[in-house]
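Student: fold the following.
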Amino acid sequence: MRWIRYSAEGRTGYGILEGDRIREVRGDPFEGYEPTGRVRALDAVKIEVPVIPRTFYCAGLNYVGHIREQAAKRGEAPSIPTRPDIGYRAANALIAHGEDVIIPRDASEKVHYEGELVVVIGRKAKHLSRAEALSCVLGYTIGNDVSERTWQRSDRTLWRAKNTDTFKPMGPWIETDLDLEAAETIVRLNGEITARFETNRMLFGIATFLSAMTRYLTLWPGDIVWMGTDGTSPDLRHGDVVEVEITGIGTLRNRFVREGA
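Tutor: Prediction:
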């Protein structure tokens with residue numbers, strides 16, 4: 001099932017996406033819903049961020065290839081984590097499929113993308129074992145973790161580098177039936193493939209993260225966990241279009257626009 005959050009006729013709500021048609025519902029996938037019987041065309045609505053999270057979590061350094069490539073760029077030996085490491089991002093940075101990423105006027109040329117699988121939590125969870133961890137997952141969507149690397153080196157808390165408005169495109173919808181083992185992440189810059197990797201080839205899998213997190217944190221319906229990336233990004237320029245495709249989910253597409261250009 002695909003859950004889509006959209007706006008039409010001055011209202012924002014959820015529907016079930018079937019091909020290019022949306023079956024409207026009252027309610028949402030977290031608290032319960034019922035069909036209204038109304039059907040809308042996908043191209044007649046504005047796609048919104050699929051969920052506004054209570055808490056926005058992110059996995060750090062979760063693909064070995066990415067760790068090694070980043071270390072090589074710095075001329076350092078790679079340091080592979082020995083345990084899952086979790087961080088936080090800010091919901092103010094979220095934008096939807098099709099919206100523009102705004103590069104601030106004073107940002108450097110080192111603005112990069114990271115295509116990521118996003119886990120959407122569907123029910124309250126605490127003290128989950130690895131075996132039961134996925135039981136709290138509603139489904140999956142796609143994220144593009146935009147970073148300004150010069151700021152990332154200088155900002156102790158990454159407050160600008162990772163959380164500037166528009167730096168976290170997410171969408172276009174939530175897929176509840178993803179086959180993780182078959183999923184592949186493909187990133188395109190202006191139509192050309194720049195990164196391709198097996199989505200589930202993580203250093204620490206989703207169940208490992210959720211189990212470790214719920215030992216200390218309560219996960220709530222609508223929370224999201226971005227699972228990290230593999231590969232590297234070129235420097236992004238004004239007018240570039242980045243597409244992050246995860247097979248079995250869809251494609252998240254956003255244009256990059258420099259402020260004032």
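Student: now Ile47: how far from Glu148?
Tutor: Using CB to CB, to the nearest Å, we find Ile47 at a distance of 26 Å from Glu148. The C-beta positions use only the backbone N, C-alpha and C, and glycine is treated the same way.
Student: for the spatially most central residue of the chain, give me its contacts.
Tutor: Centrality entry for the chain: nearest residue to the mean C-alpha point is Gly143, 2.1 Å, by CA atoms, centre = their mean. Gly143 makes contact with 115-118, 168-170, 226, 244, 252 under the criterion CB atoms under 8 Å, 6 or more residues apart in numbering.
Student: what do you get for Cys58?
Tutor: Contact partners of Cys58, counting by CB under 8 Å, 6+ apart, are 86-89, 145, 225-226, 228.
Student: kindly list the longest helix within this structure.
Tutor: Using DSSP state H to assign secondary structure, the helix with the most residues in the chain is helix 64-74.
Student: how about residues contacting stretch 29-47?
Tutor: Stretch 29-47 is touched from outside by 3-8, 14-17, 20-27, 96-98, 122, 138, 171-174, 221-222, with contacts defined as CB under 8 Å, 6+ apart.
Student: of these, which belong to strands?
Tutor: If you go by DSSP state E, the contacts of stretch 29-47 have 3-8, 14-17, 21-27, 138, 171-174 in strands.
Student: how about the helix or strand of the chain at the bottom of the mean pLDDT ranking: buried residues?
Tutor: Considering only helices and strands, the least confidently modelled element of the chain by mean pLDDT, DSSP states H and E is helix 64-74, at a mean of 77. The neighbour-count check on helix 64-74 (16 or more other CB atoms under 10 Å) flags 65-67 as buried.
Student: what's the answer for stretch 150-170, then?
Tutor: If you call a residue buried by 16+ other CB under 10 Å, then stretch 150-170 has these buried ones: 151, 158, 160-164, 166-170.
Student: which ones among those residues lie within helices?
Tutor: For the buried residues of stretch 150-170, secondary structure assignment (DSSP H) places Trp151 in helices.
Student: may I see the buried residues of stretch 150-170 organised as TSV, with distance to Thr208 and pLDDT added?
Tutor: Supplementary listing: these in TSV, determined by distance: CB to CB, whole Å; pLDDT from 0 to 100:
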residue	distance to Thr208	pLDDT
Trp151	30	98
Leu158	24	95
Arg160	30	97
Ala161	26	98
Lys162	23	98
Asn163	26	98
Thr164	30	98
Thr166	31	98
Phe167	27	98
Lys168	23	98
Pro169	26	99
Met170	23	99
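Student: now render the buried residues of stretch 150-170 as CSV, adding distance to Arg74.
Tutor: Formatted as CSV, the entries for the buried residues of stretch 150-170 read as follows, by distance: CB to CB, whole Å:
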residue, distance to Arg74
Trp151, 16
Leu158, 17
Arg160, 21
Ala161, 16
Lys162, 18
Asn163, 23
Thr164, 23
Thr166, 27
Phe167, 22
Lys168, 25
Pro169, 27
Met170, 29
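Student: who touches the host helix or strand of Val242?
Tutor: Secondary structure here is read from DSSP states H and E; on that basis Val242 sits in strand 241-246. Strand 241-246 is contacted by residues 101, 113, 115-117, 140, 142-144, 178, 183-191, 199, 236, 251-256 when judged by CB under 8 Å, 6+ apart.
Student: weed out the non-buried ones from those.
Tutor: Of the members of the contacts of strand 241-246, the ones counted as buried by neighbours, 16+ other CB under 10 Å, are 101, 113, 115-117, 140, 142-144, 178, 183, 185-189, 199, 236, 252-256.
Student: Ile47 and Glu148: who's more crowded?
Tutor: In terms of neighbours (other CB atoms under 10 Å), Glu148 is the more surrounded of Ile47 and Glu148; the figures are 24 against 19.
Student: you'd agree the more buried one is up against Ile102?
Tutor: No - using CB atoms under 8 Å, Glu148 is not in contact with Ile102, being 11.7 Å away.
Student: list the buried residues of stretch 171-179.
Tutor: Of all the residues in stretch 171-179, those buried under the rule 16+ other CB under 10 Å are 171-175, 178.
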